[in-house]
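Q: just the structure for this:
(one chain, ligands or ions: 2)
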Amino acid sequence: MEELYLYNTLTRKKEKFEPITPGFVGIYVCGPTVYGHAHLGHAKSYISFDVIVRYFRFLGYRVRYVQNITDVGHLVSDADEGEDKVARQARLEQLEPMEIAERYTRSYFEDMDLLNVERPDISPRASGHIPEQIELAQTLLKKGYAYEVNGTIYFDVQKFKEYGKLSGRKLDELMAAVRIEKNPEKKHPADFAVWKRAEPGHIMQWNSPWGRGYPGWHAECSVMSTKYLGQPFDIHGGGLENVFPHHECEIAQSEAANDKPFARYWLHNNMVTVNGQKMGKSLGNFITIKDAVKKYTPLAIRYFVLSSHYRSPLDFSDQALESAQKGLGRFHQTFARLLKAKINAKGKDETFEKKIDTYRQKFIQAMNDDFNTPKALAELFEFLKEINGWLDAGQTVTEETHKKAVQVIEETAGKVLGLLPKDYAEFESKRSGDVDAVVQILIDIRSALRKEKNFALADEIRNRLQQINIELKDTSQGTVWEYK
Ligand SMILES: Nc1ncnc2c1ncn2[C@@H]1O[C@H](COP(=O)(O)OP(=O)(O)OP(=O)(O)O)[C@@H](O)[C@H]1O
Ligand SMILES: [Zn+2]
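A: Ligands and ions are numbered 1, 2, ... in the order given. Below you'll find the model as predicted:
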């Protein structure tokens, strides 16, 4: 198996990927908080991890991909304060919180399907794992890593010596950095709620050994990842802004509760920005995927995301998306040209086969270097240039080599990057076949008209075809046609 290197936020370096169980990869990625339609920021996160999962599968691993749905517990402020995001939206739309969660979960999957993002293997919901989250709080209390104040269970960060190892933050710095009003219930300002008591009027609440309450935001990811992947598991992913506090807290509570490392590799995607500022629901500077697809094709959005590295920020602009749309258009055009090319010899073309192997290898090399999609795409463009050269006049197009070129594009650009429409090959060959047949009928009628000296009507056929970019050429072998 190829050697794959990935950048691990935990160790701050690129490391060779070694699965915990040979041949298997367990990956957990923080999913959306379902209180609004997904935006282009989400597109970057979930397209990036989709390609990562697809690439592991391409390498031959069996992957279990778990991505949660946050339908409870994510408060308006990441620091345990304010209203629940889903409950707030329910109040605004005058619906049940679970109606909001259901509506936006469906909307999320609709959008991801459009963007050709494969569905995770398991999409667990926070509200479906309340007993597990209560159990986590109980274990932490029993082991002395947590304390109860009036029905809220706080994690005691000072008890967990490694707190800060992911984000590189130190407890005393955190103490100094707290700007928000100090919560008198907490022993240290960085302590966080594993379980919270429900204040009067809080809609989503459950029974617990400490009275009515609801889980803290970080608890769901700790319990749902390990429930389905075991502890430790291979890869934990999410957006960069979740390193602190979310992922730092997940590590603390899971490692404290189970005395085992939590996840081996931590992968974080950078942000989609607008004029340099993070695109976010709370910030109101977002473009929903539903709006974006009114102007750009879903695959152009996907291509836009993959044209920068997942760890690089990506600034949104109409201009950038327009150029992505054009770039992908060129890509599809050449691929269509390859599919439609006339094969004029049997067997293979050794020289071109070598080139195909080289480009396939270069694609793999780029992806093995921390999933470098911009580099992989650049290699594919070079490959397409070569294909154009190969197809240009006078070349022999051999059957086997043609098939191999198509296959390599299908597996790299299609299977791994997801940039080819699902039924592309079928659609293109069927469409070009139909056009061929129809134009041939017109060519035959035109010849008959010319024989009858009805030149006016014959010319009309030619001119009308020209208006739709189909050019007829009268050669010594008869009339042929091509796109202008
Ligand atoms: N602008 C963005 N660029 C890249 N990833 C993002 C962006 N915004 C959110 N994400 C990622 O999408 C995932 C789900 O985010 P979530 O729905 O919980 O919150 P959010 O949309 O960031 O909320 P808000 O926009 O209110 O901050 C997270 O992993 C998050 O890091
Ligand atoms: Zn999470």
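
Q: residue numbers of this protein in contact with ligand 1?
A: Within reach of ligand 1 by C-beta under 6 Å from any ligand atom, the chain has these residues: 30, 32-33, 41-42, 44-45, 70, 238-239, 241-242, 269, 271-272, 278-282. Using the backbone N, CA and C atoms, a C-beta is placed for each residue, glycine as well.

Q: could I get the contacting residues of residue 10?
A: Going by C-beta atoms under 8 Å, 6 or more residues apart in numbering, residue 10 touches 165-166, 265-266.

Q: quick check on the residues you listed: which are buried?
A: Buried residues within those, defined by neighbour count using 16 or more other C-beta atoms under 10 Å: 166, 265-266.

Q: low-scoring stretches of the stretch 251-400 of the chain, by residue?
A: Applying pLDDT under 70 to the stretch 251-400 of the chain flags residues 393-394.

Q: all strands of it, in order?
A: Ranges of strands within the stretch 251-400 of the chain are 263-269, 272-274, 277-278, 314-315, based on DSSP state E, counting those that start in this stretch.

Q: buried deepest among the ones you listed, which one?
A: Neighbour counts (mean count of other C-beta atoms under 10 Å) averaged over each of the strands of the stretch 251-400 of the chain peak at strand 263-269, with a mean of 23.

Q: do it and ligand 2 meet at all?
A: No - using C-beta under 5 Å from the ion, strand 263-269 stays clear of ligand 2, coming no nearer than 11.3 Å.

Q: so residue 335 touches residue 413, yeah?
A: Yes - using C-beta atoms under 8 Å, residue 335 is in contact with residue 413, at 7.5 Å.

Q: overlap in contacts, the two.
A: residue 420.

Q: in this structure, what residue comes closest to ligand 1?
A: residue 239 (1.6 Å; C-beta to the nearest ligand atom).

Q: what is the burial count for residue 258?
A: Residues lying near residue 258 (other C-beta atoms under 10 Å) number 16.

Q: enumerate every residue touching it.
A: Residue 258 sits next to 139, 226, 231 when contact means C-beta under 8 Å, 6+ apart.

Q: and ligand 2, which of the residues you listed contact it?
A: Okay, of the contacts of residue 258, nothing touches ligand 2 (C-beta under 5 Å from the ion).

Q: list just the nearest of the residues you listed to residue 303.
A: Nearest to residue 303 out of those is residue 226 (C-beta to C-beta; 35.3 Å).

Q: and the strand or helix carrying that closest one, how far out from the chain middle?
A: Secondary-structure assignment from DSSP states H and E places residue 226 in helix 217-229. Using C-alpha atoms, centre = their mean, to the nearest Å, the distance from the centre of helix 217-229 to the centre of the chain it belongs to is 20 Å.

Q: touching it from outside, list them.
A: So helix 217-229 is contacted by 26-28, 30, 64, 66, 68, 70, 72-75, 78, 80, 122, 124, 126, 129, 132-133, 135-137, 192, 194-195, 233, 236, 245-246, 249-250, 253-254, 257-258, 262-263 (C-beta under 8 Å, 6+ apart).

Q: need the buried ones from those selected in PyMOL.
A: In PyMOL, this line selects whichever of the contacts of helix 217-229 come out buried by 16+ other C-beta under 10 Å:
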select buried, resi 26+27+28+30+64+66+68+70+72+73+74+75+78+80+124+126+129+132+133+136+137+192+194+195+233+236+245+246+249+250+253+254+257+258+262+263
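
Q: next step: the contacts of helix 217-229 restricted to strands.
A: Under the assignment DSSP state E, those contribute 26-28, 64, 66, 75, 192, 194-195, 233, 236, 263 to strands.

Q: could you identify the most distant pair in those residues?
A: Longest span within those, C-beta to C-beta: 64 and 75, 29.6 Å.

Q: can you give me every residue that contacts residue 384?
A: Contacts for residue 384 (C-beta under 8 Å, 6+ apart) come out as 330-331, 334-335.

Q: who's in contact with stretch 146-159?
A: With C-beta under 8 Å, 6+ apart, stretch 146-159 has contacts from 137, 140-141, 144-145, 163, 171, 185-188, 190-197, 208, 210-213, 249, 252-253, 256.

Q: on that earlier part again, which one of the contacts of residue 258 is nearest to ligand 2?
A: Of all the contacts of residue 258, residue 226 has the smallest distance to ligand 2: 12.5 Å, by C-beta to the ion.

Q: residue 212 contacts residue 198, correct?
A: Yes - in this structure, residue 212 is within contact of residue 198 by C-beta under 8 Å, at 4.5 Å.

Q: residue 481: neighbour count?
A: The burial count for residue 481: 16, using other C-beta under 10 Å.

Q: roughly how far apart are it and ligand 2?
A: As judged by C-beta to the ion, to the nearest Å, residue 481 and ligand 2 stand 57 Å apart.

Q: quick one: that residue from residue 465, how far?
A: Remark: distance between residue 481 and residue 465 (C-beta to C-beta, to the nearest Å) = 7 Å.

Q: same question, residue 304
A: 35 Å.

Q: out of these two, which sits in the more crowded spot?
A: Higher neighbour count among residue 304 and residue 465: residue 304, with 26 against 18, using other C-beta under 10 Å.
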